[in-house]
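In: give me the fold of what follows.
(2 chains)
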Amino acid sequence: MRKASGDARLSRGTLVLLQAVLVAVLFGLWWLATTEKWLDPFFFGQPLKVVQVIVDWFVSGKIWPHLAITLWETVLAFIIGSVLGLGVGLWLALSPISSALAEPYITAANAMPRVILAPIFAVWFGLGVLSKVALGVTLVFFIVFFNVYQGVKEVSPVVLANARMLGASRGQLLRHIYLPSATSWVFSSLHTSVGMAFVGAVVGEYLGSAKGVGYLILQAEGTFDINTVFAGILVLTAFALLLDFVVTRVEARLLVWRPRAAETEAL
Amino acid sequence: MTAATASAPGAGVALPALALDGVTCTFAARGGGERYTAVRDVTLAIAPGEFVSVVGPTGCGKSTLLNVGAGLLVPSAGTVHVDGEPLSGINRRAGYMFQAEALMPWRSALANVVAGLEFRGTPRDEAAARGRDWLARVGLAGFEDRYPHQLSGGMRKRVALAQMLILDPDILLMDEPFSALDIQTRQLMENELLELWSANRKSVLFITHDLEEAISLSDRVVVLSAGPATRPLGEFTIDLPRPRDVAEIRMTPRFVELHEAIWGVLRAEVLKGYAQSKR
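Out: Alright, predicted model coming up:
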């Protein structure tokens, strides 16, 4: 796909190459600075050792259970948070009295930094998966909720009137007009909400856990093993990118009906 | 056609398919300001199989009138009768073609056309078959899987037309349906509409601000005054022969005559409406 964006553009191959060079240069500088002792390797780690740790993790297979736990927490938090947000969003958007009643509390709950709830969730749900899911849900819920609320409010009155003229009952309006309109808003916020579910899982693990990539980082930090901390961060980043890639694919599939800016195929 | 009953008001030989009687629509202004009366005391009857156009200056409350006939809007005063029965709720006998985009953007052309059948619980296969048939009738065979944004403005109007006609409504309410189209596409659509209409005579209430469109399509043209408090100023029977071609009929002397007569009434109102919109 191509956009008419005018002047000089790099071909895709060159762009990827330059991006790779950029990363290599950054790692090279890091390596140089820590080898030449411009930066203290004890605090700043050493890229080769970081790579060594990552390779060890994957070769020994030690990382997989931790990654699996983090992924599982992310997926659970995303699904539960989305379903709750969708349900409550639809309900409040279609019921003016409930929304008037709940409005100040929703605003307050959203304004509160929810990460501080992590200790409470740890007390309630223990150090296992549930407390991380709970934290992720509080993060995902509000994103989905506000998008659904907006989505329902912005349903075109003409589309609505047309559906009513075509004989849609109240239930059918909900299913065929409000829900698709709301879900399209939810999908458009998919990147943010999946990201938030991931943040909830990792932060939850970091604040107290027995498994997960966040836990690995926490452990390494406790022994001042800075190389392992960096290794954990890199693995998490790569994992987040992978997640984002999957979301992009899913989104493209689900929103085929969405108009995009004028695009033509390159021959 | 049903025989007229003596008690039916304003009935000729047959009961009108749609009758508005003394309809007034007053809207409460936002923030408690002055009230706005869009239409005042409008009486309008459409006989079964009759094609009636309503013309008037922009913003004169034409759409309000149509919404009342559709049952989407309850008038402040006056009554609406459908085949002699007082209307309550949505007018189930009517199909409505909106001026603005009314297709569901998340549904393909076919899914949009069959929406009404789906709401009525028609089996999926049967609905799909009829939907394909109707898409073909409006010249969109092969476009079943396209989404509205992948279709041109004219194509979207055809989908909307098929979406309305598939339910076989007795009354068609059309609110400037072709006003967003370019003149060529528009004349094509008008001819197609006439063809579909003459094959299976429905009662049509057609709203437009384009006098030529009104004359070339209709049996009768009703001229509305400028808003607020719009009311009918005059009625003209269009005695042009059918079948018509909307482009050719505009050249005939009778068309020009009718146009002059109606424009004479409409002109002053358009100027009034223009002066009001400038204020």
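In: what about the chain, any weak spots by pLDDT?
Out: This is for chain A. Regions of chain A meeting the criterion pLDDT under 70 cover residues A:1-8, A:260-267.
In: you answered for a different chain; I wanted chain B.
Out: Screening chain B residue by residue with the criterion pLDDT under 70, one finds the ranges B:1-13, B:30-33, B:279.
In: can you rerun that using 50?
Out: Segments of chain B classed as low confidence (criterion: pLDDT under 50) are B:1-12.
In: strands of the stretch 101-250 of chain B, start to end?
Out: Assigned by DSSP state E, counting those that start in this stretch, the stretch 101-250 of chain B shows strands spanning B:171-175, B:203-208, B:220-224, B:232-237.
In: of those strands, which is nearest residue B:131?
Out: Closest to residue B:131 of these is strand B:171-175 (C-beta to C-beta; 18.7 Å). Any C-beta I mention is one placed from the backbone N, CA and C, and that applies to glycine too.
In: so which elements touch that closest one?
Out: Here strand B:171-175 is seen to pack against helix B:62-70, strand B:94-97, strand B:203-208 when contacts are counted using 3 or more C-beta pairs under 8 Å, 6 or more residues apart in numbering or on different chains; DSSP states H and E.
In: out of the ones you listed, nearest to residue A:212?
Out: With respect to residue A:212, and counting by C-beta to C-beta, the nearest of the helices and strands packed on strand B:171-175 is strand B:94-97 at 56.2 Å.
In: who does the closest one touch, helix- and strand-wise?
Out: Strand B:94-97 is packed against helix A:157-165, helix B:62-70, helix B:153-165, strand B:171-175, with contacts defined by 3+ C-beta pairs under 8 Å, 6+ apart.
In: mind checking the longest helix of chain A?
Out: For chain A, the helix with the greatest residue count under DSSP state H is helix A:63-94.
In: in it, what's buried?
Out: A:63, A:66-67, A:69-78, A:80-82, A:84-86, A:88-90, A:92-94 (16 or more other C-beta atoms under 10 Å in any protein chain shown).
In: returning to what we had before: among the strands of the stretch 101-250 of chain B, which comes closest to residue B:263?
Out: With C-beta to C-beta as the measure, strand B:220-224 is the member of those nearest residue B:263 (9.5 Å).
In: show me the beta-bridge partners of the residue nearest to the spatial centre of chain B.
Out: Centroid check for chain B by C-alpha atoms, centre = their mean gives residue B:174 as the closest residue, at 2.2 Å. Beta-bridge partners recorded for residue B:174 (DSSP bridges): residue B:97, residue B:206.
In: my read is that it contacts residue B:202, right?
Out: No - if you go by C-beta atoms under 8 Å, residue B:174 and residue B:202 don't touch, sitting 10.6 Å apart.
In: near chain B at all, the strand or helix carrying residue A:181?
Out: Mapping residue A:181 onto the secondary structure by DSSP states H and E places it in helix A:179-188. Yes - residues of helix A:179-188 contacting chain B under C-beta under 8 Å from any C-beta of the partner chain: A:180, A:181, A:184.
In: tell me the one of these nearest chain B?
Out: Top of the list for closeness to chain B, among these and by C-beta to the nearest C-beta, is residue A:180 at 4.5 Å.
In: picking up where we left off before, how about the contacts made by the residue nearest to the centre of chain B?
Out: If you count contacts by C-beta atoms under 8 Å, 6 or more residues apart in numbering or on different chains, residue B:174 has them with B:96, B:97, B:204, B:205, B:206, B:207.
In: what helix or strand is residue A:121 on?
Out: helix A:118-125.
In: buried residues in that helix?
Out: Buried residues in helix A:118-125, counting neighbours by 16+ other C-beta under 10 Å, are found at A:118, A:121, A:122, A:125.
In: relative to chain B, which of these is nearest.
Out: In terms of C-beta to the nearest C-beta, no member of the buried residues of helix A:118-125 lies closer to chain B than residue A:121, at 36.6 Å.
In: distance of that closest one from residue A:203?
Out: When distances are taken as C-beta to C-beta, to the nearest Å, residue A:121 and residue A:203 turn out to be 11 Å apart.
In: what do you get for residue B:92?
Out: In this structure, residue B:92 and residue A:203 are separated by 55 Å, where distance is defined by C-beta to C-beta.
In: neighbour count: those two, which is higher?
Out: When residue B:92 is set against residue A:203 and neighbours are counted by other C-beta atoms under 10 Å in any protein chain shown, the residue ahead is residue A:203, at 17 against 13.
In: what helix or strand is that one on?
Out: Going by DSSP H and E, residue A:203 is part of helix A:190-207.
In: in terms of secondary structure, what does that helix contact?
Out: helix A:63-94, helix A:118-125, helix A:129-153, helix A:213-222, helix A:226-254.
In: around chain A, which positions in the stretch 101-250 of chain B sit nearby?
Out: With C-beta under 8 Å from any C-beta as the criterion, the stretch 101-250 of chain B meets chain A at residues B:101-108, B:115-116, B:118-120, B:147-149, B:163, B:167.
In: any of those buried? List them.
Out: When these are checked for burial by 16+ other C-beta under 10 Å, the buried set is B:101-108, B:115-116, B:118-119, B:147-148, B:163, B:167.
In: so which pair among those is furthest apart in space?
Out: B:147 and B:167 (21.8 Å).
In: of the contacts of residue B:174 - the most surrounded one?
Out: With neighbours set by other C-beta under 10 Å, the maximum within the contacts of residue B:174 is found at residue B:96, which has 28 neighbours.
In: quick check, that one in contact with residue A:163.
Out: No - Residue B:96 lies out of contact with residue A:163 (C-beta under 8 Å); the separation is 10.7 Å.
In: what packs against the helix holding residue A:121?
Out: Using 3+ C-beta pairs under 8 Å, 6+ apart as the contact test, the elements touching helix A:118-125 are helix A:129-153, helix A:190-207.
In: that older thread, between the helices and strands packed on helix A:190-207, which one is nearest to residue B:237?
Out: With C-beta to C-beta, the closest approach to residue B:237 among the helices and strands packed on helix A:190-207 belongs to helix A:129-153: 46.6 Å.
In: what secondary structure does residue B:23 sit in?
Out: strand (DSSP: H, G, I helix; E, B strand; the rest coil).
In: for it, list each beta-bridge partner.
Out: Judged by DSSP bridges, the bridge partners of residue B:23 are residue B:42.
In: just give me the neighbour total for it.
Out: The burial metric for residue B:23, expressed as a neighbour count using other C-beta under 10 Å, is 24.
In: would you confirm that it contacts residue B:66?
Out: No - with contacts defined as C-beta under 8 Å, residue B:23 does not count as touching residue B:66, sitting 11.3 Å away.
In: which residues in the stretch 51-200 of chain B form helices?
Out: According to DSSP state H, counting those that start in this stretch, the stretch 51-200 of chain B carries its helices in the segments B:62-70, B:109-113, B:115-119, B:124-137, B:153-165, B:183-199.
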